[in-house]
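K.L.:
got a structure for you, letters missing:
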């Protein structure tokens, strides 16, 4: 009898523990469960949207995984890669390279830009150990200023831009929107199949699957192991002969390059590029989605990415309409999803920091206990 | 004799070097840049005294927001990226004061009074949160600010405001994005005891209010509680040994910062003449943060002088670059310069090795 | 070991540059404009056709009456198309197949089809398409993005 009771309580505790550890995804499932029926969207529509958005966003979010592995937190500096990708796309558009060759060329051009920006970001982050996140966050603002300087003032005046269709009428600077019509969904449409009215961009998913495999493989390489060691404890890793600074910089460089690719995949799906605002929110979206998927600042898996994209974008699609139906004002829904995105990041950050403190405290207690035992 | 001269010389160069070092290279560059702008201004046709008046005005709008950074830096909570939270209590005070029918100077005083309980409430909650996550304050503060701004975006639409001056005319509910303060407290402080010499106009009243708040802050930092706060920030172990309640001191600093932010936004509005709601407070923390850093503060050190110098330098660049740069190179790159300078300054401060990295 | 690493890196860079160069060639987009218009060449006047149908890879891309203009896009420098031209009503349509090469730096090329059908030299019937300065497109079209749709610019204050 009592044993039975014990079993039950342990089962309850397990469930509670599971809920506690995954409170953010659970909360999101609840939000979606409430909002989907109210919003009145058909399941087919939602499925179609989710598949499109998965193809569009997953690669970008995958770029966040490696710095997390290296213990540098979520990389707000992924925006840098996004900017590199955008600059590459501007050139490719100006040179009139179309279709998949255009996308591939843009990716190749983005690599040196991303590497340069990633090196800069990594160097700065090495100078700000312990506050990587807030620093990478400010770096993204700082480089956004530099990006504007280059794109708004130097392109067309110093950097040659031929076509007046993407130049501002004043003769220099790039227009607010660059049309990517010539390469719109070129990756998505190749090999695309339709299943029950849902368009599946097979090639995009193949690229994403390949990237996932690469990440899994990378974790097992020497460099990947080093990164995990650095992420766990920098001092221990240093004692083990790992070049900590270099490893951290490499992780940021890889992240930036992948973010550049991700941005190009994202924009080829959108079909046009808001030159000055495309990158400003992308970091926040990706981070929120990853955290919604149950990742934390120090631990994130590929599964988190997929779950996060599905849940976050479900909320994203249904919130305005659901908010409109409930309060009679669609703006409420729009603000609601903004609030939820920021709220999720806040909650995840708070949970991470409290966990870190608790771990520190329990470590101290363990040490004390060990000392007492020694006496 | 010659030795003496030599010594004097050396001390002078040493002093200069010390001054540069303590002032910091980026700060020096910004100061020189601003000086060049001022010298260049008359040559490009910008009137010197109008520029100075602009600077005075912008100083009086922004100085209190920058002052709000001081307590949290002192107590070791870092730069208050969560400033929007305080700004929101200020906005609540402002809108409620108008809703309840106050006008003129009374509306300003009432706005401050109404904002105070909100600021205390939010400040206590915010301080409690920051005490739980010591070491990760700045990132979380940023996101607390963002979340609260986006939460209030919903509230501005939903709360039952009715004053026709503030709500959307058609729907009769939901606050507008910008609300004119004409007839309420636009310029009530700036016009008080205003001094006008030719083209130079000095908003004496607003400057006096700032001076009063700055003096109070200075005096507070010299009281027992104030020194305790500094101790908590600069040396937590020592502070704990001295029997200071760290959590309570930090909490106090957060509440003070939040309240000052509330007053700061009201000061800003009385100068600017409009209340800006919804996403407007979103990025208001960054200019204040970079201003105090330009003024010579670091992540864990800040003084009233930093506030004054920083606000003058930052606002100087904000007001001078558009006019001077535009006429010099015919390109409006002032905005970009502002973004690069201010964020670069924050980056510089974040990457400096500071003593108290917990 | 270090040598090998360096070689490996240089090799990667070389491969990437090669791919990039390849992409620049095969991905270069061109637009061809087909004109069914009157033209004059060395005093010889060439009249329009009543109807010309243009096919690319068996797909009809343009159906031109007299004085019409049609267009097609392609990537790379070589372009082949077929035309089916009818001079007068009731005439048997003429079937022709053409392969043209467009210079790399030229975005748009205008082909005068009657000229081509009259077998004039190439420079007579090809000309570069010069877009008219379109000042009217100054106002930006509605931008469809996935963002919040509320003014929030990064680092802009």
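P.N.:
Sure, I can see it. Note that the structure is predicted; figures quoted are calculated from it, not measured.
K.L.:
Right, and chain C sits closest to which residue of the stretch 1-150 of chain B?
P.N.:
The shortest separation between the stretch 1-150 of chain B and chain C is 9.0 Å, found at residue B:150 (distances taken as Cβ to the nearest Cβ). Any C-beta I mention is one placed from the backbone N, CA and C, and that applies to glycine too.
K.L.:
same deal with the stretch 101-250 of chain B?
P.N.:
residue B:153 (7.9 Å).
K.L.:
next one: phi and psi at residue A:193?
P.N.:
Backbone geometry at residue A:193, expressed as degrees, to the nearest 10, gives phi -130, psi 160.
K.L.:
got the contact list for it?
P.N.:
The contact partners of residue A:193, taken as Cβ atoms under 8 Å, 6 or more residues apart in numbering or on different chains, are A:199-200, A:202.
K.L.:
Of these, which is the nearest to residue A:19?
P.N.:
Ranked by distance to residue A:19 (Cβ to Cβ), the contacts of residue A:193 are led by residue A:200 at 33.1 Å.
K.L.:
coming back round to it: could you redo the contacts of residue A:193 as CSV and give each row neighbour count and distance to chain C?
P.N.:
Compiled in CSV, those are given as follows (neighbours: other Cβ atoms under 10 Å in any protein chain shown; distance: Cβ to the nearest Cβ, whole Å):
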residue, neighbour count, distance to chain C
A:199, 16, 17
A:200, 18, 19
A:202, 14, 21
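K.L.:
Low-confidence stretches in chain C?
P.N.:
Within chain C, the segments meeting pLDDT under 70 span C:132-157.
K.L.:
Count the residues that sit near residue 113.
P.N.:
If you meant another chain, say so; for now it's chain A. 21 (other Cβ atoms under 10 Å in any protein chain shown).
K.L.:
wrong one, I was asking about chain B
P.N.:
By other Cβ under 10 Å, the residues close to residue B:113 number 13.
K.L.:
mind checking how far it is from residue C:66?
P.N.:
The spacing between residue B:113 and residue C:66, counted by Cβ to Cβ, to the nearest Å, is 82 Å.
K.L.:
Around chain C, pick out the residues from the stretch 151-300 of chain B.
P.N.:
B:153, B:278-279, B:282-284, B:286-287 (Cβ under 8 Å from any Cβ of the partner chain).
K.L.:
So which of those is the closest to chain A?
P.N.:
For those, the minimum distance to chain A (Cβ to the nearest Cβ) is 4.0 Å, reached by residue B:153.
K.L.:
Would you mind measuring from the residue lying closest to residue B:332 once chain neighbours are set aside to chain A?
P.N.:
Distances taken as Cβ to Cβ, 6 or more residues apart in numbering or on different chains put residue B:326 closest to residue B:332, at 5.6 Å, once the chain neighbours are dropped. Residue B:326 sits 13 Å away from chain A, going by Cβ to the nearest Cβ, to the nearest Å.
K.L.:
Neighbours of residue B:326, how many?
P.N.:
15.
K.L.:
Then residue A:170?
P.N.:
Counted with other Cβ under 10 Å, residues neighbouring residue A:170 total 10.
K.L.:
Checking it next. Helix, strand or coil?
P.N.:
In terms of secondary structure, residue A:170 is coil; the call rests on DSSP: H, G, I helix; E, B strand; the rest coil.
K.L.:
How about residue A:283?
P.N.:
Secondary structure for residue A:283, judged by three-state DSSP, is helix.
K.L.:
got a list of what residue A:48 touches?
P.N.:
With Cβ under 8 Å, 6+ apart, residue A:48 has these contacts: A:197-199.
K.L.:
Just give me the closest of those to residue B:197.
P.N.:
Proximity of the contacts of residue A:48 to residue B:197 (Cβ to Cβ) peaks at residue A:199, which lies at 71.1 Å.
K.L.:
circling back to that earlier point, just the closest of the contacts of residue A:193 to chain B, please.
P.N.:
residue A:199 (32.7 Å).
K.L.:
For that closest one, list the residues it contacts.
P.N.:
Contacts of residue A:199 (Cβ under 8 Å, 6+ apart): A:48, A:51-52, A:192-193.
K.L.:
so which residue of chain A comes closest to chain C?
P.N.:
Closest point on chain A to chain C, by Cβ to the nearest Cβ, is residue A:101, at 2.5 Å.
K.L.:
Let's see the pLDDT reported for that residue.
P.N.:
For residue A:101, the pLDDT comes out at 92.
K.L.:
so how many other residues sit close to the closest residue to the residue of the stretch 101-250 of chain B closest to chain C other than its chain neighbours?
P.N.:
Leaving aside its sequence neighbours, residue B:153 sits nearest to residue A:335 (Cβ to Cβ, 6+ apart; 4.0 Å). For residue A:335, the neighbour count with other Cβ under 10 Å is 28.
K.L.:
Regarding residue A:335, which helix or strand does it belong to?
P.N.:
Element membership for residue A:335, per DSSP states H and E: helix A:330-374.
K.L.:
what's the answer for residue B:144, then?
P.N.:
helix B:137-158.
K.L.:
for residue B:278, same thing?
P.N.:
Judged by DSSP H and E, residue B:278 forms part of no helix or strand.
K.L.:
my guess is it meets residue B:178, correct?
P.N.:
No. If you go by Cβ atoms under 8 Å, residue B:278 and residue B:178 don't touch, sitting 9.3 Å apart.
K.L.:
Looking at those two, which one has more neighbours?
P.N.:
residue B:278 (23 against 14).
K.L.:
Can you tell me the SS state at residue B:164?
P.N.:
Residue B:164 ends up coil, using three-state DSSP.
K.L.:
How about the lengthiest helix in chain C and chain A, any contact?
P.N.:
Longest helix in chain C, counting residues (DSSP state H): helix C:2-26. Yes. Counting by Cβ under 8 Å from any Cβ, chain A is contacted by helix C:2-26 at C:16, C:19-20, C:22-24, C:26.
K.L.:
and residue A:87, how many neighbours does it have?
P.N.:
By other Cβ under 10 Å, the residues close to residue A:87 number 22.
K.L.:
so residue C:64 sits in a strand?
P.N.:
Yes. Residue state for residue C:64 (three-state DSSP) corresponds to a strand.
K.L.:
Give me every residue in the stretch 201-350 of chain B lying close to chain A.
P.N.:
Within reach of chain A by Cβ under 8 Å from any Cβ, the stretch 201-350 of chain B has these residues: B:286, B:331, B:333, B:335-336, B:339-340, B:343-344, B:346-347, B:350.
K.L.:
follow-up on the earlier one: could you pick out which of the contacts of residue A:48 are located in strands?
P.N.:
Residues of the contacts of residue A:48 located in strands (DSSP state E): A:198-199.
K.L.:
would you list the contacts of residue A:48 in CSV and tack on distance to residue A:324 and pLDDT?
P.N.:
Putting these into CSV (distance: Cβ to Cβ, whole Å; pLDDT from 0 to 100) gives the following:
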residue, distance to residue A:324, pLDDT
A:197, 26, 79
A:198, 25, 84
A:199, 27, 86
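K.L.:
between the contacts of residue A:48, which is closest to residue A:124?
P.N.:
The nearest member of the contacts of residue A:48 to residue A:124, counting by Cβ to Cβ, is residue A:199 at 41.9 Å.
K.L.:
Against residue A:55, how distant is that closest one?
P.N.:
To residue A:55, residue A:199 is 9 Å away according to Cβ to Cβ.
K.L.:
Name the residue of chain B that lies nearest to chain C.
P.N.:
Using Cβ to the nearest Cβ, the closest approach of chain B to chain C is made by residue B:283 at 4.5 Å.
K.L.:
Show the contacting residues for residue A:356.
P.N.:
Contacts for residue A:356 (Cβ under 8 Å, 6+ apart) come out as A:298, B:135-136.
K.L.:
For chain C, which residue gets nearest to chain A?
P.N.:
Using Cβ to the nearest Cβ, the single residue of chain C nearest to chain A is residue C:27, 2.5 Å away.
K.L.:
ok, that residue touching residue A:106?
P.N.:
No. Using Cβ under 8 Å, residue C:27 is not in contact with residue A:106, being 10.1 Å away.
K.L.:
of these two, who's got more company?
P.N.:
Here residue C:27 and residue A:106 are compared on neighbour count by other Cβ under 10 Å; more neighbours surround residue A:106, at 30 against 24.
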